[in-house]
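Novice: Here is a sequence together with a model predicted from it:
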Amino acid sequence: MYAFTAVPMLALATAVPLAWGWGLSWLDVGLAAGFYLLTCLGMTVGFHRLLTHRSFESRRGLRNGLAIAGSMAMQGDVITWVADHRRHHAFADKEGDPHSPWLHGTSPAGLARGFFHAPLGWLFDRRTTNPDRFVPDLLADRDLARIGRQFPLWTVVTLLTPALIGGSRPCRGGER
């Protein structure tokens with residue numbers, strides 16, 4: 001677990017100084033930090049606290065903005081993500097939990113499969129969560145249903161916007 005945590009951080013700490021000045025700038029750092037903050041707020045505050053757990057109420061504009069920001073994190077559309085997460089809480093670490101690490105047993109092979117399945121592998125499972133059962137409130141909200149259908153658009157926006165902003169500056173030596 002330490003290696004999975006430390007190696008990417010060390011790679012980033014090594015790559016940034018090596019690329020600084022010819023491939024990375026303060027604009028790149030600002031774009032990365034800004035989009036990270038925006039999408040993290042969309043996921044944690046919007047998808048998770050507001051829409052999955054209904055921890056607070058919000059006005060329409062804030063709710064829609066958080067749903068769009070969460071969609072830009074590219075973890076799935078708002079309807080599917082919230083349905084999966086509500087299902088996860090309904091069946092936590094039991095049969096029916098879409099991303100439990102314990103569904104493959106406690107043998108070394110089962111733990112290895114669970115180690116992959118819980119954070120990522122479950123996304124490739126063809127079985128889907130029934131949105132009519134887990135998110136009827138979101139399906140009834142025309143704005144959220146539309147934002148969910150627009151997931152491909154928000155994926156394009158989150159990929160192209162930093163490139164368009166960051167790519168508009170001159171390269172080293174003023175060349176393009």
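Specialist: Nice, thanks for sending it over.

Novice: Could you list the low-pLDDT ranges of this structure?
Specialist: Applying pLDDT under 70 to the chain flags the ranges 1, 126, 168-176.

Novice: Give me the neighbour count for residue 144.
Specialist: Using other C-beta atoms under 10 Å, residue 144 has 21 neighbouring residues. Bear in mind the C-beta positions are built from the backbone N, C-alpha and C, glycine included.

Novice: shouldn't it be in contact with residue 63?
Specialist: Yes. Counting by C-beta atoms under 8 Å, residue 63 is a contact partner of residue 144 at 7.5 Å.

Novice: so what sits against both of these two?
Specialist: residue 51 (C-beta atoms under 8 Å, 6 or more residues apart in numbering).

Novice: How about residue 16: what's its closest non-neighbour residue?
Specialist: Spatially, and ignoring its direct neighbours in sequence, residue 16 is nearest to residue 24 (6.1 Å; C-beta to C-beta, 6 or more residues apart in numbering).

Novice: quick one: the one you found and residue 34, what's the gap?
Specialist: 15 Å (C-beta to C-beta, to the nearest Å).

Novice: More neighbours: which of these two?
Specialist: The residue with more neighbours, out of residue 24 and residue 34, is residue 24; 16 against 12, by other C-beta under 10 Å.

Novice: just the helices in this structure please.
Specialist: 2-19, 26-41, 60-71, 78-90, 108-117, 131-134, 136-140, 142-149, 151-166 (DSSP state H).

Novice: Rebuild those as a markdown table, extending it with distance to residue 96.
Specialist: Formatted as a markdown table, those follow (distance: least, C-beta to C-beta, whole Å):
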| stretch | distance to residue 96 |
| --- | --- |
| helix 2-19 | 27 |
| helix 26-41 | 28 |
| helix 60-71 | 24 |
| helix 78-90 | 7 |
| helix 108-117 | 14 |
| helix 131-134 | 11 |
| helix 136-140 | 18 |
| helix 142-149 | 22 |
| helix 151-166 | 25 |
